[in-house]
Every structure is written in C-alpha cells, then in structure tokens.
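> whatever this is, show me its structure:
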Amino acid sequence: MRMVVALTMALVALALPAAAQDGPGKTKTPPRPRTYIESIDMRSSEAVLRGFVEAYAASDFYKVWVLLSPEAKTAFTTALYDFGEPQLFPGMEATTGVRGSSQLGDDLLKEIYLDGALIFDRTMVHAETANLLPFELPPGAFSSPTFERDDQARYSVEAKGEPAVVFVSTIKLSDGTWRVERVVWAASDPQARPWGFK
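Alright, predicted model coming up:
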C-alpha cells in the first residue's frame with residue numbers, strides 16, 4: 001500500500017509543473033526555433049541592432065544579410081547588378097566581386113546567384129580581404145538610441161577607425177519583427193540602403 005501511495009505522489013509531483021504552466025495567467029514556453037532564421041532574435045529594434053553589430057564584428061555576413069530589411073537587401077543586390085560596387089565599397093572596381101571571380105566553379109557561381117545571402121556574404125568577404133569594408137565594428141561596440149518610435153529606431157554606434165561613429169536605423173516589418181534599414185555616417189549618402197557613398 002505504501003508503495004502505491006508513494007508512486008501516486010511521485011506521479012502527481014511530476015504532473016504539477018506541467019499543469020501549472022498551462023493554467024490561467026501562466027505563459028507557455030515558446031516552441032523551439034524551427035529554422036536558422038527563427039533562431040535569430042528580431043523581436044525588438046535593440047535585439048536586431050545587437051545582433052547586427054555582433055555578426056558584422058565576427059564577419060558573419062550571412063547573418064548580417066538576414067538582419068537587413070527587404071528594401072536594404074534589394075538595394076544592395078541592385079547596386080551589384082548595376083555594376084555599382086564602388087558605390088558600396090570605394091576602391092572596388094566593377095566586376096571584381098562575385099561576378100568577376102575566376103576562382104569559383106560554374107556550379108558554385110550558379111548557387112551563389114540564386115541566393116542573395118551568398119551574394120552578400122561573398123561580396124563582403126571579398127571587400128574585407130581587400131580592406132574595403134565601408135566601416136568596422138568591434139565586438140560589443142557601444143551604442144545609444146538617438147531616435148525611437150513604435151516602428152523605427154536609430155542608434156549611434158562606436159566604430160573602429162574611420163568612420164568613428166555610424167548610425168544604424170532599424171524598422172519594424174508588418175510581421176512584427178525588426179530589421180536594419182540603413183547604416184550612415186558623416187561622409188555617406190544618408191538615403192542609400194543599406195549604406196552608400198556620395
């Protein structure tokens with residue numbers, strides 16, 4: 001009898017935490033992310049800013065691409081396909097990026113051309129190798145908000161070298177997630193996405 005009572009109490013004790021989670025006023029644990037993109041925190045402008053800075057500082061340009069707004073992504077690829085690399089990376093001649101690489105096989109080139117994130121990643125790596133990145137961000141770069149609204153925000157971020165400070169603007173998309181819209185600094189084009197030079 002004691003064994004039955006002890007077993008029953010053990011089962012009740014195990015069931016209580018699960019029942020308490022589902023009760024009124026309790027929040028359920030969110031489901032685990034299903035994809036790589038869902039694993040990136042884009043629930044607030046500050047989270048997107050932090051993710052952008054850390055990814056850029058770590059040369060994780062694939063993640064940087066994910067954090068850009070649709071308009072910023074479109075502007076970047078449009079500049080590349082219009083042979084506008086110097087607008088994004090002064091000193092980079094047109095066709096020296098992904099298009100001009102003779103080191104990539106045809107299969108890999110086809111794959112890159114079908115994936116905007118790979119185009120962005122390979123172009124950024126090329127610019128980084130040639131010391132042509134438009135700005136440098138150290139890990140944990142200090143940032144402070146300069147403008148905040150329900151659907152937009154802007155942050156001042158300390159960079160390395162020149163420019164010494166960049167301003168990162170974020171925007172809230174219709175699905176409620178946030179993205180980086182543009183990065184500007186004193187000598188840049190304030191209207192260009194994701195950045196640009198005058």
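> and stretch 122-130, what's its mean pLDDT?
Confidence over stretch 122-130 (mean pLDDT, whole number) is 91.
> repeat that for stretch 143-163.
On average, stretch 143-163 scores 94.
> what about it, how long is it end to end?
End-to-end distance for stretch 143-163, by CA to CA, to the nearest Å: 15 Å.
> quick one: buried residues of it?
Buried residues in stretch 143-163, counting neighbours by 16 or more other CB atoms under 10 Å, are found at 143, 153-155, 157, 159, 163. Bear in mind the C-beta positions are built from the backbone N, C-alpha and C, glycine included.
> same deal with stretch 118-136?
Neighbour-count burial for stretch 118-136 flags 118-124, 126-127, 132-136 (criterion: 16+ other CB under 10 Å).
> about what we covered before: so which of the buried residues of stretch 143-163 comes closest to Pro70?
Among the buried residues of stretch 143-163, Ala153 lies closest to Pro70 (CB to CB), at 17.4 Å.
> before we move on, which element is the closest one in?
Ala153 is part of strand 152-158, with elements assigned from DSSP states H and E.
> that strand pairs with which strands, and in what direction?
Strand 152-158 sits in its sheet next to strand 143-148 (antiparallel), strand 165-172 (antiparallel), going by DSSP bridges.
> follow-up on the earlier one: just the buried residues of stretch 143-163 now: which is nearest Gly84?
Distances from Gly84 to the buried residues of stretch 143-163, taken as CB to CB, are shortest for Pro163 (20.4 Å).
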